[in-house]
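Got a sequence here, can you model it:
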Amino acid sequence: MKLILRILPLFILLSCGTITETATKSPEQKYDFVLAFGSCNKQEAPQPLWEPIMKNQPDVFMWGGDNIYADTPDMQLMQEYYQIQHNVPGYKRLTNSIPVYGTWDDHDYGVNDGGKEWEFKEESQQLFLDFMGVSEDDPRRGREGVYHSELLETPKGNIKLIILDTRYFRDELKPDAVPGKRYKENSKGTILGEQQWQWLEEELHTSAATFNIILSSIQVISEEHGFETWGNFPAERKRLIKLIENSSAKNIIILSGDRHISEFSEMKRDRLNYPLVDFTSSGLTHSYTSFSGEPNRYRIGEVVSDLSFGLLKFDLKNNKMLMEMRGEKNRLLQQHKVEYPHIKH
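Okay, the predicted model is just below:
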């Protein structure tokens, strides 16, 4: 992929990991690569964020799931919903300009909070791949699940996208009668399934990329709220974090969606020489406007409950990352900066 340098405004940060917004701008910063992402997008709702996304001149866009809302066993209707989204003018301009990658979540999978029990998952997988423009000879066409990886190459360093499928293989959730908890913890169940786990281990252990982006439709680090999260499957969450710690992959960042809020969650682990961040960005067309608070001991900064999208701005030469939440009219809502250790080549 050809590297395109851009001059973008860098807002003042008090220190590494501090989030602030100020009207005073520091000297303009050149970024080596810009990745935009978002989730929770109703195909028939107003979509005011495509123009602001394009103003940031991203090199790629990533769907974090719920790319359309199609809770239906009617695959013809689901196909029509995808076509509606494909024809949205702002989205069409984006797809005509830059590559688009991504995963699905429950509503574009076909059933609310659904997992491996969904009887139309094979059919919905093909419609998802059609929407993403995946070729007929791609391995995902004949394989269970939409997990996938892409290596984005630039002169200053490479970025690996590791895209998970948290629906196709996930064991069924069990309702919880405890107030504030929608589901019980499942200590023995799986999210990824063994085939996808083996694939993920190989992708991480063999990666030589400067940055590795793991895309999970549901949150990984935040585990205390009562909705969908890797915390519902504590053994799976522990396995993923241990894999990240022990793998050869450097500078791993987690992206997630689903929640209709945006937040930064940050975990420090003794075996990692950088903070592990889970950047949640949700939603593109509707958000949790009545949000009044929920626990998350890993949260950095504040919860954003406005419409928003996420940006990762890579300084590959210096191994720095600026993460931004932006909303309507490209308004900066919150940001977080992380400096990663330099890699010896």
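
from here on, contacts and neighbour counts on C-alpha atoms
Fine.

Tell me where this structure has helices.
In the chain, helices defined by DSSP state H lie at 50-55, 75-86, 89-95, 106-109, 121-131, 193-205, 234-246, listed in chain order.

Which elements pack onto the first one?
Right, the one you point to is helix 50-55. helix 89-95 (3 or more Cα pairs under 8 Å, 6 or more residues apart in numbering; DSSP states H and E).

Check which helices and strands the helix it packs on sits against.
Using 3+ Cα pairs under 8 Å, 6+ apart, helix 89-95 is in contact with helix 50-55.

ok, and what's touching the helix it packs on?
The contact list for helix 50-55 (Cα atoms under 8 Å, 6 or more residues apart in numbering) reads Ala36, Gly90, Tyr91, Leu94, Phe309, Gly327, Glu328, Lys329, Asn330.

10 Å instead?
Residues from elsewhere that reach helix 50-55 (Cα atoms under 10 Å, 6 or more residues apart in numbering): 35-38, 49, 61, 88-94, 97-98, 284, 308-311, 326-331.

quick revisit: let me have the helices of the chain in a markdown table, extended by mean pLDDT and mean neighbour count.
Putting these into a markdown table (pLDDT from 0 to 100; neighbours: other Cα atoms under 10 Å) gives the following:
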| stretch | mean pLDDT | mean neighbour count |
| --- | --- | --- |
| helix 50-55 | 98 | 19 |
| helix 75-86 | 98 | 16 |
| helix 89-95 | 98 | 16 |
| helix 106-109 | 98 | 26 |
| helix 121-131 | 98 | 18 |
| helix 193-205 | 98 | 16 |
| helix 234-246 | 98 | 17 |
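
For Gln335, find the nearest of these.
In terms of Cα to Cα, the element of the helices of the chain nearest to Gln335 is helix 50-55, at 15.5 Å.

Show me how far the closest one is from its chain's centre.
When distances are taken as Cα atoms, centre = their mean, to the nearest Å, helix 50-55 is centred 18 Å away from the chain's centroid.

Please save the CA atoms from it in PDB.
Extracted in PDB, the C-alpha atoms of helix 50-55 (Å, rounded to 0.1, in the frame of the first residue of the first chain):
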ATOM      1  CA  TRP A  50     -19.300   9.900   6.700                       C
ATOM      2  CA  GLU A  51     -18.300  13.500   5.700                       C
ATOM      3  CA  PRO A  52     -16.400  14.100   8.900                       C
ATOM      4  CA  ILE A  53     -14.700  10.700   8.600                       C
ATOM      5  CA  MET A  54     -13.500  11.700   5.100                       C
ATOM      6  CA  LYS A  55     -12.300  15.100   6.300                       C
END
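
Distance check, the closest residue in space to Ile191 that isn't next to it in sequence against Cys40.
Closest residue to Ile191 apart from its sequence neighbours, by Cα to Cα, 6 or more residues apart in numbering: Arg170 at 4.0 Å. According to Cα to Cα, to the nearest Å, Arg170 and Cys40 sit 20 Å apart.
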